[in-house]
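Engineer: have a look at this prediction, sequence included:
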There are 2 protein chains.
Amino acid sequence: MGRAVRYSKKREAVLSAIQGTDCHPSAEWVYQRLKPLHPDLSLGTVYRNLTFFRENGLIQSVGVVQGQERFDAVVSPHSHFVCNCCGTVLDLPGIEPGTDLDRTVSRQYGLAVQGHKLTFYGLCSSCANTQQNFKEEPL
Amino acid sequence: MGRAVRYSKKREAVLSAIQGTDCHPSAEWVYQRLKPLHPDLSLGTVYRNLTFFRENGLIQSVGVVQGQERFDAVVSPHSHFVCNCCGTVLDLPGIEPGTDLDRTVSRQYGLAVQGHKLTFYGLCSSCANTQQNFKEEPL
DNA sequence: AATAATAACAATAATGAATACTGTTAAGGA
DNA sequence: TCCTTAACAGTATTCATTATTGTTATTATT
């Protein structure tokens, strides 16, 4: 018998924080957001629960942006845009390549492709208007 | 190991009801008094807890008055007056015979007397003024 | 070196089984 | 008849177990 999962207010709060925003937050962001309501919250708990939720498929990782991993409560495959200046992560709901890419890779390499993640990088409109440049190398 | 005693709101309420009055109430009186605050209280619980408290020395029985047992949260030995008309039970703080009675009985009969209860019967001033008579035989 | 993330462990809090307590109903007693 | 007790199923409390958290130190990454 596996380890039983228990309910906890902190865990629930972490999930709500991610589900309640579309900014694709980092662990630190979640921590700062919840601190006022949960003064005794610890950063370790945030990291632990983010890992827990990702492993259980309730959230997904968007990848590491400027040194911090970012998360998304929308687990269905969709595209993202990452600003290399301010680190903003945006959804790209119009850019869905369908199953063509999956099928191509599947046929060409003989792999059972089940989905994909497509991430764009560049400058968001806000950063482009203020003519800022990225502070870290974008990859 | 004996039966463990647990806390319950109903039990606490019954004790408070008795401790919060000097009218030497009956089970029914306690029940009616607590009903508004505890709508699901049952008369059986009142009886059970009165017995429980008496057996544990937290309250004492003043005796049966007009068919109903009456209780007192003051467990130190003291005298009472019972009105045979309205059933009122009064404390008689000035009428304390001390240990003389106990010692007399103890010597005369060779018994280990530890205390006594002295109860007077008659008409309280209220009933005497309205010239009522007792409705039940007083004993 | 500085910051993000993980590991270790004691302290805390949630869970579930055991069972004391209560509500209800029926039966006993004065 | 009315006051009180008994029986029993349903409810609520307790407590041991252990998942979760807070803290601190350590590792990883840039």
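Structural biologist: Okay, I see it.
Engineer: quick one: low-confidence parts of chain A?
Structural biologist: Applying pLDDT under 70 to chain A flags the ranges A:1, A:94-118, A:130-139.
Engineer: one more time with 50, if that's ok
Structural biologist: A:134-139 (pLDDT under 50).
Engineer: before we move on, what SS does the residue sitting nearest the centre point of it have?
Structural biologist: Centroid-nearest residue in chain A: A:F71, 2.2 Å away (criterion: Cα atoms, centre = their mean). Following DSSP: H, G, I helix; E, B strand; the rest coil, the label given to A:F71 is strand.
Engineer: return the set of buried residues in the longest helix along chain A.
Structural biologist: As assigned by DSSP state H, the longest helix anywhere in chain A is helix A:43-55. By neighbour count with 16 or more other Cβ atoms under 10 Å in any protein chain shown, helix A:43-55 contains the buried residues A:45-47, A:49-50, A:53-54. In short, each C-beta sits where N, CA and C put it, glycine included.
Engineer: what's the helix or strand just after it packed up against?
Structural biologist: Remark: after helix A:43-55, the chain's next helix or strand is strand A:60-65, criterion DSSP states H and E. In terms of contacts (3 or more Cβ pairs under 8 Å, 6 or more residues apart in numbering or on different chains; DSSP states H and E), strand A:60-65 is packed against strand A:68-72, strand A:79-83.
Engineer: who does the last one pair up with?
Structural biologist: Sheet neighbours of strand A:79-83, with direction, are listed as strand A:89-92 (antiparallel), strand A:119-122 (parallel) (DSSP bridges).
Engineer: then it to PDB, C-alphas only?
Structural biologist: In PDB, the C-alpha atoms belonging to strand A:79-83 read as follows (Å, rounded to 0.1, in the frame of the first residue of the first chain):
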ATOM      1  CA  SER A  79       2.600  27.200 -26.800                       C
ATOM      2  CA  HIS A  80       4.300  29.900 -24.800                       C
ATOM      3  CA  PHE A  81       6.200  33.000 -25.500                       C
ATOM      4  CA  VAL A  82       9.000  34.100 -23.100                       C
ATOM      5  CA  CYS A  83      10.300  37.600 -22.900                       C
END
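Engineer: which of the helices or strands spans A:L15?
Structural biologist: helix A:9-19.
Engineer: what does whichever helix or strand comes after that helix rub up against?
Structural biologist: Remark: after helix A:9-19, the chain's next helix or strand is helix A:27-34, criterion DSSP H and E. Residues outside helix A:27-34 that contact it (Cβ atoms under 8 Å, 6 or more residues apart in numbering or on different chains) are A:13-14, A:17-18, A:21, A:23, A:25, A:41, A:43, A:46-47, A:50, A:68-69.
Engineer: residue contacts, A:D91?
Structural biologist: A:22, A:74, A:78-81.
Engineer: would you mind giving me the ChimeraX syntax to select the buried ones in those residues?
Structural biologist: A single ChimeraX command selects the buried members of the contacts of A:D91 (16+ other Cβ under 10 Å):
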select /A:79,80,81
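Engineer: export the contacts of A:D91 as TSV, with columns for distance to A:L58.
Structural biologist: Shown next, in TSV, are those (distance: Cβ to Cβ, whole Å):
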residue	distance to A:L58
A:D22	16
A:V74	11
A:H78	16
A:S79	20
A:H80	18
A:F81	23
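Engineer: restrict the buried residues of helix A:43-55 to contacts with DNA strand C.
Structural biologist: A:Y47 (Cβ under 7 Å from any atom of the strand).
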